[in-house]
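Novice: 3D model of this:
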Amino acid sequence: MRILLITDLYPIENSGEPLVIKDFAKYWQQAGHIVDVIRPNFLLNTKIRHKKIFKDGIYYEDNIQIINVNYLTPFLFDVTKKLPKDFAIGNYNLVISHMPSGSMLAMKLIGKCAGIPYVASVHNSDITVLTKPLYKKFFAPTLKKAYKRADAIAARSSVLADKIKELYNTREIEK
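Specialist: Prediction:
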């Protein structure tokens, strides 16, 4: 199976990001799957958090392809223009998104594509996007579309699963 993982928290070159996401990718790889990562990076958010900004491009670590894509504005245009020319969402058997930026980018990439299973994972930052006025106005509609398109929604904890169910009338969420 070919898996596409979309997350802004995938570490590149010891960037200080949590290693658990990398551990998931390595586990899937060890199970015989091909894993590629798209790492959407919002430049303003990265600057505010005093994180290192990596150049747009493809990085390889542990035989995992990591496509780092820097965005000035979060997904307000055709996101595929910044991806490698040979990128095709149809090459994947499963798409997994992590964090709001991952889910919003996944929605832009897979949209209504039938036949590509999609799993969205939910964290505290998803709750922030759905409830804080500024984020809610600009990003909640796309995030909600991503949840609606998802074949499964996985929450980091039962507390988060309950909050998402409360905020967004959705089917059962995996904990």
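Novice: what distance separates the start and the end of stretch 81-97?
Specialist: In stretch 81-97, first residue to last residue: 20 Å (C-alpha to C-alpha, to the nearest Å).
Novice: mind listing the strands for this protein?
Specialist: Secondary structure of the chain (DSSP state E): strands at 2-7, 34-42, 57-61, 64-71, 94-98, 118-122, 152-155.
Novice: now the longest one against strand 57-61, angle please.
Specialist: For strand 34-42 and strand 57-61, the angle between their directions (axes from the mean of the first three to the mean of the last three C-alpha atoms, to 10 degrees) works out to 130 degrees.
Novice: and strand 34-42, how far out from the chain's middle?
Specialist: Distance, stretch centre to chain centre, for strand 34-42: 8 Å (C-alpha atoms, centre = their mean, to the nearest Å).
Novice: do me a favour and average the pLDDT over that strand.
Specialist: For strand 34-42, mean pLDDT is 93.
Novice: partners of it, with directions?
Specialist: Using DSSP bridges, the strands paired with strand 34-42 are strand 2-7 (parallel), strand 64-71 (parallel).
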